[in-house]
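Engineer: Got a sequence here, can you build the structure:
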Amino acid sequence: MTAINWLKPATDAHPPPRTESYWDRARRFLGATPESPTNLAALTVDQHVADGRGDDVAITFVGKGAIDAGEGDTSVTYGELAERSARFAGVLQDLGVCPGDRVFLLTGPSPETFVAALGTWKAGCVVSPLFAAFGPEPIRQRLEIGEARVLVTTAAMYRRKIQAQRERLAGLEHVLVVDDGPVPDGTRSLPQSMAETTAVRRPADTGPEDLAILHFTSGTTGTPKAAVHVHDALVAHVATAMDVFGLAPDDVYWCTADPGWVTGTSYGILAPLAVGARMIVDQGGFDATRWYHLLERHRVTVWYTAPTAIRMLMRAGVDLARAHDLSALRVVASVGEPLSAEAVRWGESAFGQPIRDTWWQTETGAIMIANSHDEEVRPGSMGRALGGVTIGLLQCTDDGELVRHNGAVAEVDDPSQLGMIAIRPGWPSMFRGYLHAEERYEAAFADGWYLSGDLARRDAEGSFWFVGRADDVIKTAGHLIGPFEVEQVLTAHPDVVAAGVYGVPDEVAGELICAEVVLRDGAPHDEAAVTDVMAHARRALGGSLAPRTITVVDDLPYTRSGKVMRRLLRARALGLPEGDTSTLETGAAS
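Structural biologist: Residues are numbered from 1 along each chain as shown. All right, here's what the predicted structure looks like:
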């Protein structure tokens, strides 16, 4: 398998411009221009049908049964996706749903999710995917903030999470239930509606700046924010997928992110369909053996997953990975939180290649920093800035506040100094606002920079090294310590597969560094084990920066997007109320 030359050949009729930007090259691949209609469904599905690839398999859905037997597997071609999504768009037209109206999806990794998303874009409407594991209140908040007019869901989801609060959602006019058979009162059968519609729609002539997607993120505090993304974002999805993964039409691609998250949309729906790769969508839960069987049976070539999953695979041991034929894999990449150097090296042992970290956020819409497929990986590094973006590190205080000189922010110029990751606006997938929250949007920018809130260092070679969120950094005895830096050291111990580091107040030092660790299966869980991990940390970090306490736990609390909930660890250590963290998210990609 070789990476594609990700530009369609120029012809005499369509020569490349004299100067062509990173994003312009992706537009040429898509056959789009900044002025032409840019409809996500047209460019991801219908264009392949027009090019004669209608019978090619677009997606294989892996059922919940045994992987080896292929029980419950179903495949959908590009032609079938085009036809079904056109019918869904027709259903919306029959209901009187107008371009710009919001259609929310609460359907999980199912064929209906893809059909409904593509059909919504064909109708010129806006998609907002929801994470199926959310409880009733987070769902209600998002439906209300996003002004949902249509919800697509299952009968069971509706009864459990929507029905009791339907009266509070005055703007929610239509609920389409994807199940066959009887549906709850106040809802419509989607299969029946699609069978009956005659208003099959061609893709709407949406422009590049027309609203296409609402992705919700709450950062670390506050009510959920609806980040606004436009149709032109596809340019960034395609450019980065081909640049970072070398994604090509002959790839078999698996993104493990739920479609309710930005990763599951940008790189689990849009990028692979636009490129023309064959996608794998797993409808079963996590199980290490199951996942390895899936990778082996389907000969997956590009695998995009999360550190949480990698930690669980590490816990199961390298021998389990080696027991499977994973030779088809040429790229394994990760997103959600920074990847420890030990996890990168474990990938080399388990898969014969390193796991490649990537960095981006809900607001950026696409990968901004990465260890790309054709570059050497520096374990523990986030990678380098991609060619289409300008990234800087801005000077900030120990509290994460920007430092201003004569009223203006300034960049860090010392490789040893940490700063806040900031990006110059202008990339296609940059969010265009927070819906109905203009002040929060404006606060995300300063002096022509988008402020990520993440702290990092950049070495002389241009690689970025994550330190922590601005509100996570620990200040101890005059030192500024990023929790992730300590976590990397702890997970380098052969028995430690996961670690969470946090600070607790101390009258002398300001804060003391504490840690909770998860040990690999089969490792001793006694005082001697803790002493050994502590000694390892002291050797690597020195006595002043090593954790003062280390507690062995069965598991760590994570956000839905796979980040350690350090605030919960800190609250637990101090005996404070933990609060309701069941819906906590962060601004980073998930």
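Engineer: hey, let's count contacts and neighbours off CA atoms from now on
Structural biologist: Will do.
Engineer: Next, the buried residues of stretch 384-400.
Structural biologist: By neighbour count on 16 or more other C-alpha atoms under 10 Å, the buried set for stretch 384-400 is 384-386, 388-389, 391-396, 398, 400.
Engineer: I should have written stretch 119-137 there, sorry.
Structural biologist: By 16+ other C-alpha under 10 Å, the buried positions in stretch 119-137 come out as 119-134, 136.
Engineer: In strands, which of the residues you listed fall?
Structural biologist: V126, V127, S128, P129 (DSSP state E).
Engineer: which among the residues you listed gets closest to G380?
Structural biologist: Within these, the smallest distance to G380 is 31.5 Å, found for P129 (C-alpha to C-alpha).
Engineer: The closest one pairs with what?
Structural biologist: With DSSP bridges as the criterion, P129 is bridged to L105.
Engineer: So it sits against L105, correct?
Structural biologist: Yes - P129 lies in contact with L105 (C-alpha atoms under 8 Å); the separation is 4.7 Å.
Engineer: got any residues that touch both of these two?
Structural biologist: By the contact definition C-alpha atoms under 8 Å, 6 or more residues apart in numbering, P129 and L105 are jointly contacted by G260.
Engineer: mind showing which ranges of the stretch 351-500 of the chain have poor pLDDT?
Structural biologist: Counting by pLDDT under 70, the stretch 351-500 of the chain contains low-confidence ranges at 398-400, 471, 477-480.
Engineer: where along it do the helices fall?
Structural biologist: Along the stretch 351-500 of the chain, counting by DSSP state H, counting those that start in this stretch, helices occupy 438-442, 483-491.
Engineer: Show me which positions of the first one end up buried.
Structural biologist: In this case it means helix 438-442. Judged by neighbour count (16+ other C-alpha under 10 Å), helix 438-442 contains these buried residues: Y441.
Engineer: now it, how far from the centre of its chain.
Structural biologist: Taking C-alpha atoms, centre = their mean, to the nearest Å, the mean C-alpha location of helix 438-442 is offset from the chain mean by 23 Å.
Engineer: circling back to that earlier point, so can I have a markdown table of the ones in strands among the buried residues of stretch 119-137 showing pLDDT and distance to T197?
Structural biologist: Converted to a markdown table, those look like this (pLDDT from 0 to 100; distance: C-alpha to C-alpha, whole Å):
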| residue | pLDDT | distance to T197 |
| --- | --- | --- |
| V126 | 98 | 21 |
| V127 | 98 | 21 |
| S128 | 97 | 23 |
| P129 | 96 | 24 |
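Engineer: if we take the residues you listed, which one ends up nearest to G500?
Structural biologist: Comparing those against G500 with C-alpha to C-alpha picks out P129 as the nearest, at 29.6 Å.
Engineer: ok, now which ones touch that closest one?
Structural biologist: With the criterion set at C-alpha under 8 Å, 6+ apart, P129 makes contact with F104, L105, L106, L214, H215, P259, G260, W261.
Engineer: isn't the second one right next to G119, touching?
Structural biologist: This means L105. No - look at L105 against G119 with C-alpha under 8 Å: they stay out of range, at 11.8 Å.
Engineer: part of a helix, is A328?
Structural biologist: No - the assignment for A328 (DSSP: H, G, I helix; E, B strand; the rest coil) gives coil, which keeps it out of a helix.
Engineer: could you dump stretch 427-445 to PDB, C-alpha only?
Structural biologist: Taking C-alpha atoms only, stretch 427-445 is exported to PDB below (Å, rounded to 0.1, in the frame of the first residue of the first chain):
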ATOM      1  CA  TRP A 427      -7.900  27.700   7.600                       C
ATOM      2  CA  PRO A 428     -11.100  26.300   6.000                       C
ATOM      3  CA  SER A 429     -12.300  24.300   9.000                       C
ATOM      4  CA  MET A 430     -11.900  27.100  11.500                       C
ATOM      5  CA  PHE A 431     -15.100  27.500  13.500                       C
ATOM      6  CA  ARG A 432     -17.100  30.600  12.500                       C
ATOM      7  CA  GLY A 433     -18.500  31.300  15.900                       C
ATOM      8  CA  TYR A 434     -20.300  30.000  18.900                       C
ATOM      9  CA  LEU A 435     -24.100  29.900  18.300                       C
ATOM     10  CA  HIS A 436     -25.700  32.800  20.300                       C
ATOM     11  CA  ALA A 437     -22.500  33.300  22.200                       C
ATOM     12  CA  GLU A 438     -20.600  36.100  20.500                       C
ATOM     13  CA  GLU A 439     -18.700  37.200  23.600                       C
ATOM     14  CA  ARG A 440     -17.400  33.700  24.200                       C
ATOM     15  CA  TYR A 441     -16.300  33.600  20.600                       C
ATOM     16  CA  GLU A 442     -14.500  37.000  20.800                       C
ATOM     17  CA  ALA A 443     -12.800  35.900  24.000                       C
ATOM     18  CA  ALA A 444     -11.200  33.000  22.000                       C
ATOM     19  CA  PHE A 445      -9.100  35.500  20.000                       C
END
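Engineer: from the middle of its chain, how far away would it be?
Structural biologist: 18 Å.
Engineer: Show me the contact partners of it.
Structural biologist: 23, 145-146, 225-230, 232-237, 363-366, 388-389, 450-452.
Engineer: what about 6 Å?
Structural biologist: In this structure, residues lying in contact with stretch 427-445 by C-alpha atoms under 6 Å, 6 or more residues apart in numbering are A226, A227, V228, H229, D232, A233, A236, E363, T364, G365, Y450, L451.
Engineer: in it, what counts as buried?
Structural biologist: The neighbour-count criterion (16+ other C-alpha under 10 Å) identifies W427, P428, S429, M430, F431, R432, G433, Y434, L435, Y441, F445 as the buried residues of stretch 427-445.
Engineer: same thing with stretch 511-518?
Structural biologist: Of the residues in stretch 511-518, those buried under the neighbour-count criterion (16+ other C-alpha under 10 Å) are E511, L512, I513, C514, A515, E516, V517, V518.
Engineer: what's the closest of these to A195?
Structural biologist: Using C-alpha to C-alpha, V518 is the member of the buried residues of stretch 511-518 that sits closest to A195, with 51.4 Å.
Engineer: Quick check: that closest one vs L329, distance?
Structural biologist: Using C-alpha to C-alpha, to the nearest Å, we find V518 at a distance of 28 Å from L329.
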